[in-house]
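In: After the sequence you'll find the predicted model.
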Amino acid sequence: MNILMVHNRYRFRGGEDVSTEAETAMLREHGHNVEPFSRDNRDIPELGGLEWGSVGPALRLGAETVWSRSVHREVKALLRQRSFDIVHVQNSFPQISPSVLYAARSAGVAVVQSLRNYRLVCANGTFYRDDAVCELCMGRAVGAPAVRYECYQDDRVATGAVVALQSIHRLAGSWDRSVSVYIALSRFAAGKHIEGGVPADRVVVKPNFLADDPGPGSGDRSGFVYVGRLSEEKGIDTLLEAWESIPAPLTIIGDGPLAHLVEQATARNPRIDYRGARSNTEAVEVLGSAQAAVVPSRWHEPFGRGVIEAYSRATPVIAARMGALPELVDDGRTGILFEPGDADDLVRAAERVLADPDPSIMSQAARLEFEAKYTADENYPQLMGIYDQALRTRPA
């Protein structure tokens, strides 16, 4: 099968980039021809220099976000020159734009759209604003509240460009007329997109997976670990507050806007070990020596890559009852759930782990969960089934 893999890379490499690379590698390993078509946000100085406030550059990028003439021209030519079975759009924001859908439709090629964030129905892609979940724009033809609250990059012009993209292409039926199958990462994420107007009969749930299995951790396990972005929506404040009362070590790996709070907590709490940003290899190694990983998110996580990375190391997970996390963590079997934003409940969850008379039971269950659901061998037939469905049901 010939697949055109379309992805707009992020300025700072994240889970969406990793997952796209993993799917590409998996397909190639099974003999498929995968041609990448990409843009990279590192090539946009406006994003790195916070120049959205400069109206001229913002308007130019905003226009390209709504409709990229260059992408439409390039992809249309590519599809004319070579035979492709599938155009798989991982992320088209901000440089690729929905113009890629029109190029695929004009060539009669089936389109699969991954839903790795909530950008189709939320301007900032997270349903999170001012340290709380926000769904004011859900179901609206035009996301006026997003513009009012400057939800994207705290900038009204930038937010206006995103809302324009959503509204214009929703009205034009760009996604409805072009996309055969949408891939949601969880039942929760699927439900939110359907609530926002994505056709339910075209949404299929397929989780992320790990391309390489690091194997279960070995040796004595000690303490807890958090791996991820240090930001409000990730629940860092809840984590730090809870650890004032938890008598066990906590290793924190990551970087972000709340790094200074973690540094301050480390200075006053000897149980916290902040290691800053580390490679994924290093982070997975640390996961294998912990009693449990902690995922204290306060936003609607569409999946939870950190959960399956912990499971791969036979490490249980303490997670907030938020977004897709309750789908991934079976309370009492592969980990423990707690109420989001509730530091006291997080303390109780950690105490349950520390008091477990036989932690190997939950550890083994976590590893078996990984083997059953989140390996490349399990994921490949799911992806091929989605591609087959797209070929059968491509819009006329």
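Out: Arrived safely.

In: got a list of what the nearest residue to residue 33 once chain neighbours are set aside touches?
Out: Closest residue to residue 33 apart from its sequence neighbours, by CB to CB, 6 or more residues apart in numbering: residue 2 at 4.8 Å. Every C-beta, even on glycine, is put in place using the N, C-alpha and C of the backbone. By CB atoms under 8 Å, 6 or more residues apart in numbering, the contact list for residue 2 reads 32-33, 35, 82-86.

In: Narrow these to those that are buried.
Out: Those of the contacts of residue 2 that meet the buried threshold are 32, 84, 86, by 16 or more other CB atoms under 10 Å.

In: I'd like to know which of those residues are part of strands.
Out: Assignment to strands by DSSP state E places the following of the buried ones among the contacts of residue 2 there: residue 86.

In: quick one: the residue nearest to residue 33 and residue 123, what's the gap?
Out: Residue 2 sits at a distance of 34 Å from residue 123 (criterion: CB to CB, to the nearest Å).

In: Residue 7 now?
Out: On the measure of CB to CB, residue 7 and residue 123 end up 21 Å apart.

In: does residue 242 really touch residue 350, like I thought?
Out: Yes: assessed by CB atoms under 8 Å, residue 242 is found in contact with residue 350 at 7.1 Å.

In: show me where pLDDT drops low in the stretch 201-350 of the chain?
Out: The stretch 201-350 of the chain contains no residues with pLDDT under 70.

In: now the strands for it?
Out: Per DSSP state E, counting those that start in this stretch, the stretch 201-350 of the chain carries strands over the ranges 203-205, 224-227, 250-253, 272-276, 292-295, 317-320, 335-338.

In: what are the pairing partners of the fourth one, and which direction each?
Out: When pairing is defined by DSSP bridges, strand 272-276 lines up against strand 250-253 (parallel).

In: ok, and what's touching the partner strand?
Out: 223-228, 230, 239, 243, 262, 266, 271-278, 282-283, 286, 290, 294.

In: Sort out which of these are buried, if you could.
Out: Taking 16+ other CB under 10 Å as the criterion, what is buried in these is 223-228, 230, 239, 243, 262, 266, 271-272, 274, 283, 286, 290, 294.

In: how about the strands in the stretch 51-200 of the chain?
Out: With DSSP E, counting those that start in this stretch as the criterion, the stretch 51-200 of the chain has strands spanning 86-91, 110-115, 128-129, 132-133, 179-184.

In: quick revisit: JSON lines for the contacts of residue 2, including pLDDT?
Out: Below are the contacts of residue 2 laid out as JSON lines (pLDDT from 0 to 100):
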{"residue": "32", "pLDDT": "98"}
{"residue": "33", "pLDDT": "98"}
{"residue": "35", "pLDDT": "98"}
{"residue": "82", "pLDDT": "95"}
{"residue": "83", "pLDDT": "96"}
{"residue": "84", "pLDDT": "97"}
{"residue": "85", "pLDDT": "97"}
{"residue": "86", "pLDDT": "98"}
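
In: how many other residues sit next to the closest residue to residue 298 other than its chain neighbours?
Out: Distances taken as CB to CB, 6+ apart place residue 235 nearest to residue 298, at 4.6 Å, with adjacent residues excluded. By other CB atoms under 10 Å, 26 other residues sit near residue 235.

In: Return the residues in contact with residue 235.
Out: Residue 235 touches 296-298, 320, 340-341, counting by CB under 8 Å, 6+ apart.

In: Can you lay out the residues you listed as JSON lines showing distance to residue 135 and neighbour count?
Out: Shown next, in JSON lines, are the contacts of residue 235 (distance: CB to CB, whole Å; neighbours: other CB atoms under 10 Å):
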{"residue": "296", "distance to residue 135": "21", "neighbour count": "27"}
{"residue": "297", "distance to residue 135": "16", "neighbour count": "24"}
{"residue": "298", "distance to residue 135": "14", "neighbour count": "22"}
{"residue": "320", "distance to residue 135": "18", "neighbour count": "27"}
{"residue": "340", "distance to residue 135": "15", "neighbour count": "20"}
{"residue": "341", "distance to residue 135": "17", "neighbour count": "18"}
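
In: Out of those residues, which two are the most distant from each other?
Out: 297 and 341 (9.8 Å; CB to CB).

In: which residues are common contacts for the two?
Out: 235, 320.

In: residue farthest from the centroid of the protein?
Out: The centre of the chain is farthest from one residue, residue 357, which by CA atoms, centre = their mean lies 34.9 Å away.

In: my read: residue 342 touches residue 238, true?
Out: Yes: Residue 342 is within contact range of residue 238, at 7.2 Å (criterion: CB under 8 Å).

In: more crowded one of the two?
Out: residue 238 (23 against 17).

In: ok, for that one, nearest residue in space, not its chain neighbours?
Out: In space, residue 238 is closest to residue 296, 4.8 Å off (CB to CB, 6+ apart).

In: my guess is residue 44 contacts residue 93, does it?
Out: No: judged on CB under 8 Å, residue 44 makes no contact with residue 93 at a distance of 11.9 Å.

In: Next, work out how far apart the residue nearest to residue 238 and residue 258 are.
Out: 12 Å.

In: cool, and residue 218?
Out: 33 Å.

In: With neighbour numbers in mind, choose between those two.
Out: Using other CB under 10 Å, the more surrounded residue of residue 218 and residue 258 is residue 258, with 18 against 10.

In: who touches the more buried one in this structure?
Out: By CB under 8 Å, 6+ apart, the neighbours of residue 258 are 230-232, 236-237.

In: just the helices in the stretch 51-200 of the chain please.
Out: Shown for the stretch 51-200 of the chain, the helices assigned by DSSP state H, counting those that start in this stretch span residues 55-66, 69-81, 99-107, 144-148, 156-172, 174-178, 187-195.

In: I'd like those as a markdown table, with mean pLDDT and distance to residue 333 appended.
Out: Below are the helices of the stretch 51-200 of the chain laid out as a markdown table (pLDDT from 0 to 100; distance: least, CB to CB, whole Å):
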| stretch | mean pLDDT | distance to residue 333 |
| --- | --- | --- |
| helix 55-66 | 71 | 44 |
| helix 69-81 | 97 | 46 |
| helix 99-107 | 97 | 41 |
| helix 144-148 | 97 | 39 |
| helix 156-172 | 94 | 39 |
| helix 174-178 | 96 | 38 |
| helix 187-195 | 98 | 18 |
